[in-house]
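> Sharing a sequence plus its predicted fold:
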Amino acid sequence: MEASLSGSLRDLTRKIGLLAAQRDDARRESETLRQQVEDLRHDLRLMQEELHKRDLDIEYLRLSHKLADTPEALANARKTVRQMIADVDRVIVMLRDDVAI
């Protein structure tokens, strides 16, 4: 009886060791997978930012071809747009000053 109990305890100890090893392996794998997910999320954010920049570039190129057919005309169109923006900014400042009075 004592030999059978001792054998059962050894068997349980072995199984507990096996379960502990499996748990440790699962924890390591889980941490590896968490890191991979985080890396993939980071890569996705970078790709989304790059895609957004490319979309803006495409939109800019389409617009620039509509504004001008030649590089000189495009430079003039850009200058005109910058001047218009500066004029609008000045008017906004003037309106703010008027409201403050």
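Okay, I see it. Residues are numbered from 1 along each chain as shown.

> Quick check, central residue of the protein?
The centre of the chain sits closest to Arg45, judged by Cα atoms, centre = their mean, with a distance of 1.7 Å.

> any idea of the mean pLDDT in the helix or strand hosting it?
With secondary structure defined by DSSP states H and E, Arg45 is part of helix 2-67. Throughout helix 2-67, pLDDT has a mean value of 92.

> name the helices or strands packed onto that helix?
For helix 2-67, the contact count by 3 or more Cβ pairs under 8 Å, 6 or more residues apart in numbering; DSSP states H and E identifies helix 71-100 as packing neighbours. To be clear about C-beta, it is placed using only N, CA and C from the backbone, and glycine gets the same treatment.

> other SSEs contacting the helix it packs on?
Applying 3+ Cβ pairs under 8 Å, 6+ apart, one finds that helix 71-100 makes contact with helix 2-67.

> Could you tell me how far the helix it packs on lies from the centre of the chain?
Relative to its parent chain, helix 2-67 has a centroid offset of 16 Å by Cα atoms, centre = their mean, to the nearest Å.

> what's the angle from that helix to helix 71-100?
Put simply, helix 2-67 runs at 100 degrees to helix 71-100, going by axes from the mean of the first three to the mean of the last three Cα atoms, to 10 degrees.

> Buried ones in stretch 77-94, by neighbour count?
Residues of stretch 77-94 classed as buried by neighbour count (16 or more other Cβ atoms under 10 Å): none.

> Same check on stretch 92-101?
By neighbour count, with 16+ other Cβ under 10 Å as the criterion, stretch 92-101 contains no buried position.

> do the same with stretch 53-65
Under 16+ other Cβ under 10 Å, stretch 53-65 has no buried positions.

> If anything else comes up later, I'll come back, but that's it for now.
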